[in-house]
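Engineer: I would like to see how this sequence folds:
(one chain, ligands or ions: 1)
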Amino acid sequence: MRDFSGGHEWLSINTATVRKQHGQEVPLDRIVDQCAERGIRAISPWRDQVAALGIERLARQLTAHGIGLSGYCRGGFFPAVDAAGLQAALDDNRRAIDEAKLLGAPCVVLVVGALPGALDGRALYKDIGRARGEVRDGIAASLDHAREVGMPLAIEPLHPMQAADRACINTLEQALDLCDELDPERGGMLGVAVDVYHVWWDPKLREQIERAGAERLLAYHVCDWLTPTRDLLSDRGMMGDGVVELKKIRGWVEAAGYRGFSEVEIFSALDWWQRSGEDVLDACIERHRSQV
Ligand code: ZN
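Structural biologist: This next block holds a predicted model:
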């Protein structure tokens, strides 16, 4: 297992971690500068931030700083109530793949979606089996374009508490079953994003990480699970402040062959978003060295 205690060359920052400080949207170019000042070598930005800044401008800024991407957030949200909605999702995923390619990302992270409309509080249907079928078909269709341009897709299983509104793929096993079905030859264009927040509790976690292997492990996200958790979406903890055995899980991931970045992804409306971005990044560096 790699020793992270002496530096942070394998630290990446998911830009959601430092984008809403004190209730204000922090522009992406400022986040990139803050990372560059600290010698952080990678980020994972969100599409709306990239669109607001301008993708060409971001690409130039990243090149100037020598900063790469550990992933691109995000594709997915495939289910819809009608054919037009399904097609719109495919078109949007195609654009996400092209943007990721332009930015040189190693993968597009897929938050696959669930019951259409549920995110707005009004599910347009209740059949989660149907949603899972539409996710399968959506990934299969998107995979064609991903293969054409050479941009891997990383399915991120989300904790079951988000099965209704964000992702109906909820375990690593379920994600890997889909990978095996759609990419049986393990061609390198379909895999998983392992986010400890979503999968730490899974009794099959170790065996499924082993099953994934280096070809399927495309991204690794860290934060911590707080007790109590006060909000289902935005009460993630800083590494070391919760109950996730971070070093143990990274050991499994690395034993399976993963050698990429450890991406910090913390949605924390109640705590870390109430501090300055600089302070949060400094804490990420310290905890990356001591806790991850
Ligand atoms: Zn994640």
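Engineer: what residues are up against the residue most central in space within the chain?
Structural biologist: The chain has Val109 as the residue nearest its centroid, 5.2 Å off, counting by C-alpha atoms, centre = their mean. Contacts here follow C-beta atoms under 8 Å, 6 or more residues apart in numbering; on that basis Val109 touches 44, 71-76, 154, 156, 193, 219. For the C-beta atoms, the positions are set from N, CA and C on the backbone; glycine is no exception.
Engineer: do Ala164 as well
Structural biologist: With C-beta under 8 Å, 6+ apart, Ala164 has these contacts: 114-115, 118, 123, 128.
Engineer: element containing Leu232?
Structural biologist: Using DSSP states H and E, Leu232 sits in no helix or strand.
Engineer: Could you tell me the backbone phi and psi angles at it?
Structural biologist: phi -70, psi -20 (degrees, to the nearest 10).
Engineer: any idea how far the ion is from it?
Structural biologist: Separation of Leu232 from the ion (C-beta to the ion, to the nearest Å): 15 Å.
Engineer: Quick check: that residue touching Gln162?
Structural biologist: Yes: Leu232 is within contact range of Gln162, at 7.1 Å (criterion: C-beta atoms under 8 Å).
Engineer: which of those two has more neighbours?
Structural biologist: More crowded of Leu232 and Gln162, by other C-beta atoms under 10 Å: Gln162, with 19 against 11.
Engineer: Check the gap between the more buried one and Gly257 for me.
Structural biologist: 28 Å (C-beta to C-beta, to the nearest Å).
Engineer: Kindly report the same for Glu181.
Structural biologist: 22 Å.
Engineer: ok, now Glu215?
Structural biologist: Counting by C-beta to C-beta, the separation of Glu215 from Gly257 is 8 Å.
Engineer: same question for stretch 145-157, mean pLDDT?
Structural biologist: In this model, stretch 145-157 has an average pLDDT of 98.
Engineer: So what would you say the end-to-end distance of that stretch is?
Structural biologist: Stretch 145-157 has an end-to-end distance of 22 Å (C-alpha to C-alpha, to the nearest Å).
Engineer: What of stretch 67-86?
Structural biologist: Terminal residues of stretch 67-86 lie 35 Å apart, using C-alpha to C-alpha.
Engineer: just to revisit the earlier point, more neighbours: which of Glu215 and Gly257?
Structural biologist: Shown here are Glu215 and Gly257; by other C-beta under 10 Å, Glu215 has more neighbours (17 against 14).
Engineer: The more buried one: what's its closest spatial neighbour, skipping adjacent residues?
Structural biologist: Arg186 (4.9 Å; C-beta to C-beta, 6 or more residues apart in numbering).
Engineer: Tell me how many other residues crowd the one you found.
Structural biologist: The number of residues packed near Arg186 is 13, by other C-beta under 10 Å.
Engineer: can you pull out the helices in the chain?
Structural biologist: Counting by DSSP state H, the chain has helices at residues 28-37, 47-53, 55-65, 83-103, 128-149, 172-182, 196-199, 205-216, 246-255, 277-290.
Engineer: just these: most buried one?
Structural biologist: Stretch with highest mean neighbour count among the helices of the chain: helix 196-199 (a mean of 24; mean count of other C-beta atoms under 10 Å).
Engineer: Give me the mean pLDDT for stretch 260-278.
Structural biologist: Stretch 260-278 shows a mean pLDDT of 98.
Engineer: Start the count at 364 instead of 1 going forward.
Structural biologist: Sounds good: first residue 364 from here, last item stretch 623-641.
Engineer: Tabulate the CA atom coordinates of that stretch in CSV.
Structural biologist: Included here for stretch 623-641 are C-alpha records, laid out as CSV according to Å, rounded to 0.1, in the frame of the first residue of the first chain:
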residue,chain,number,x,y,z
GLY,A,623,-4.9,6.4,-9.0
PHE,A,624,-5.9,9.4,-6.9
SER,A,625,-7.7,9.5,-3.6
GLU,A,626,-10.4,12.0,-4.3
VAL,A,627,-11.8,14.0,-1.4
GLU,A,628,-15.6,14.6,-1.9
ILE,A,629,-17.3,16.2,1.0
PHE,A,630,-20.8,17.7,0.8
SER,A,631,-21.0,19.5,4.2
ALA,A,632,-23.6,22.3,4.4
LEU,A,633,-23.5,22.3,8.2
ASP,A,634,-19.7,22.3,8.7
TRP,A,635,-17.0,22.4,6.1
TRP,A,636,-19.0,24.7,3.7
GLN,A,637,-19.1,27.1,6.7
ARG,A,638,-15.3,27.6,6.5
SER,A,639,-13.0,29.2,4.0
GLY,A,640,-12.0,27.1,1.0
GLU,A,641,-8.3,27.6,2.0
